[in-house]
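Colleague: turn this into a model:
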Amino acid sequence: MVSALLALAVTLAFLCVVSWRSRYPPFLTLIGGALIFVLLTGAGTEAVTAFTRGAGAIFSLLAIPIFSGAIIAAVIRRNGGVERIISDIGRATHRPHLAAGVAGYLLSVPMMCCITPFIVLAPLLSHIRSEYHLTTRIFYIAAVGSVFSFVLLYPLPVTYAIVSGLNAGAAFDVEAYMLVAFPLSLLILAGATVLLMAPEARCCRPGSPAETTAAPRRSGWLPVLLPIALLIIGNIIPGLSFLANINIALIGGLVAALAVCSPGTREEAAASGTKNAGIILFDLCGAGGLGMVIATEGGLTDLVLAHGDLFAPLLVPFLLAALLQASQGSRVVTAIVTTTILAGTGIPATVGILPFVLMTAAGTMVLSIFTDPYFWLIRRTTGDSVPDVLKQYTFPLTCAGVAVAAITAMMSAFL
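Modeller: Numbering: from 1, shown residues only. So this is what the prediction gives:
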């Protein structure tokens, strides 16, 4: 039998190769990775129990939010809500790139995903790009905007999985975290937009195609803003604290989305959204199972404890998350596995829950390369070359992740 570190390296190499070169469902790929890890380490039959326990924990954690978000996405894509949202943002910003970035950022919240907003926005962005003779940069700004909110805002899946994996509960101060994470996410969104945006045509002015085809505002904005409003109300009014539960907030958004659409749209969206939610959930459950298998074996936890002095404790979640992100590509998988491995160590308590969450989230942004399905989706949508996608997607995200880690380190040093 080999060491846990070598087994992890082989497992990650397997995931990297299979994710890049094959079309196997990620759920099966993650099961294969867990099997390889078990065979190499000799973890035994308890690994099966660990896998099912980890998969079940993720299902109970994210099933309702993912289901709700997938149907909300299907509804507003069919009823013209996306056109309304980007039209209103465009009227306020007068810049197509900024409208795309803000739309991606906002839509990640009710959709509980970063890739789904891009898929929903892509047809409209293609139309705006053609109408105003823009470059493909508009797609990249929408993509990175969706990632920034998805990985940093609570309780979206990345941060929600980290906090739940730590069993932080009441020890996690949501208000304090969001006071840091929300402006930080807006700051890096502004930086990425400036980095990618060229001075091009004004967008979505009166009479533009995005506005004339837009649905009533309630069709687009109500499903997006209602979950956010419920979360805010639940956090500031003690008697309504149950509204701060992400399940309740997303169900509220789902009900609102279905209430403002026609019966035909409602039926189509429910069928399409349920299918997409099932695919996403199985992939995330596979990640939870793999993470639990690795954590249950215990070798990596012991290794971190024995060599914790090689790196500053604050850097460990960032570096481990960056390694996992480069190896298998899914940000939620990265968050789950990183937290599961490190939860059994003293690192979360040493660095503090808030810095731990920020550093892990930062690590999920860096090295988003060939194993990242978002990378290939953007390449197919834009038709750009691999070097172009690396330059305009991977590089800005990596810079953002490093910036968040650096700011977190400075905050921890001075506070």
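Colleague: and the residue nearest to the spatial centre of the chain, its phi and psi?
Modeller: When CA atoms, centre = their mean is applied to the chain, the residue found nearest the centroid is Phe150 (3.9 Å). Main-chain torsions, Phe150, degrees, to the nearest 10: phi -60, psi -40.
Colleague: quick check: closest non-adjacent residue to it.
Modeller: Cys114 (3.9 Å; CB to CB, 6 or more residues apart in numbering). C-beta: built from backbone N, CA, C; applies to glycine.
Colleague: how many residues are close by Thr11?
Modeller: 25 (other CB atoms under 10 Å).
Colleague: same question, Val151
Modeller: 31.
Colleague: what's the answer for Ser126, then?
Modeller: 15.
Colleague: next up, the contacts around it.
Modeller: Applying CB atoms under 8 Å, 6 or more residues apart in numbering to Ser126 gives the contacts Thr381.
Colleague: how close does it get to Ile353?
Modeller: Note on Ser126: its distance to Ile353, by CB to CB, to the nearest Å, is 42 Å.
Colleague: what about the stretch 251-400 of the chain, any weak spots by pLDDT?
Modeller: When residues are selected by pLDDT under 70, those of the stretch 251-400 of the chain lie in 300-301, 303-311, 328.
Colleague: can you pull out the helices in it?
Modeller: For the stretch 251-400 of the chain, the helices defined by DSSP state H, counting those that start in this stretch occupy 263-297, 299-306, 315-328, 331-342, 347-351, 353-363, 373-382, 386-389, 395-414.
Colleague: any chance of those helices in a markdown table, with distance to Leu62 and mean neighbour count too?
Modeller: Output for those, formatted as a markdown table (distance: least, CB to CB, whole Å; neighbours: other CB atoms under 10 Å):
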| stretch | distance to Leu62 | mean neighbour count |
| --- | --- | --- |
| helix 263-297 | 6 | 21 |
| helix 299-306 | 24 | 16 |
| helix 315-328 | 18 | 24 |
| helix 331-342 | 8 | 28 |
| helix 347-351 | 21 | 19 |
| helix 353-363 | 16 | 27 |
| helix 373-382 | 18 | 18 |
| helix 386-389 | 28 | 15 |
| helix 395-414 | 23 | 18 |
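Colleague: among these, which comes closest to Ala171?
Modeller: helix 353-363 (6.0 Å; CB to CB).
Colleague: who are the packing partners of that closest one?
Modeller: When contacts are defined as 3 or more CB pairs under 8 Å, 6 or more residues apart in numbering; DSSP states H and E, helix 353-363 sits against helix 137-152, helix 157-165, helix 174-196, helix 315-328, helix 331-342, helix 347-351, helix 395-414.
Colleague: just the angle for that helix relative to helix 137-152, thanks.
Modeller: 150 degrees (axes from the mean of the first three to the mean of the last three CA atoms, to 10 degrees).
Colleague: now find how far off-centre helix 353-363 is within its chain.
Modeller: Counting by CA atoms, centre = their mean, to the nearest Å, helix 353-363 is centred 14 Å from the centre of its parent chain.
Colleague: what's the angle from it to helix 331-342?
Modeller: Put simply, helix 353-363 runs at 130 degrees to helix 331-342, going by the same axes, to 10 degrees.
Colleague: please identify the helix or strand for Ile232.
Modeller: helix 217-236 (DSSP states H and E).
Colleague: go ahead and name everything in contact with that helix.
Modeller: 72, 75-76, 79-85, 88, 106-107, 109-110, 155, 174-175, 214, 240-246, 248-250, 252-254, 256-257, 260-261.
Colleague: one more pass at 6 Å, please.
Modeller: Identification of contacts with helix 217-236 by CB atoms under 6 Å, 6 or more residues apart in numbering yields 72, 76, 79, 81, 84-85, 106, 110, 240-241, 243-244, 249-250, 252-253, 256-257, 260.
Colleague: which of these are buried?
Modeller: Buried members of those, scored by 16 or more other CB atoms under 10 Å, are 72, 76, 79, 81, 84-85, 106, 110, 243-244, 249-250, 252-253, 256-257, 260.
Colleague: which of these fall in helices?
Modeller: 72, 76, 81, 84-85, 106, 110, 249-250, 252-253, 256-257 (DSSP state H).
Colleague: what mean pLDDT does stretch 94-110 have?
Modeller: What stretch 94-110 shows for mean pLDDT is 89.
Colleague: distance between that stretch and the chain's centre?
Modeller: How far stretch 94-110 lies from its chain's middle: 15 Å, per CA atoms, centre = their mean.
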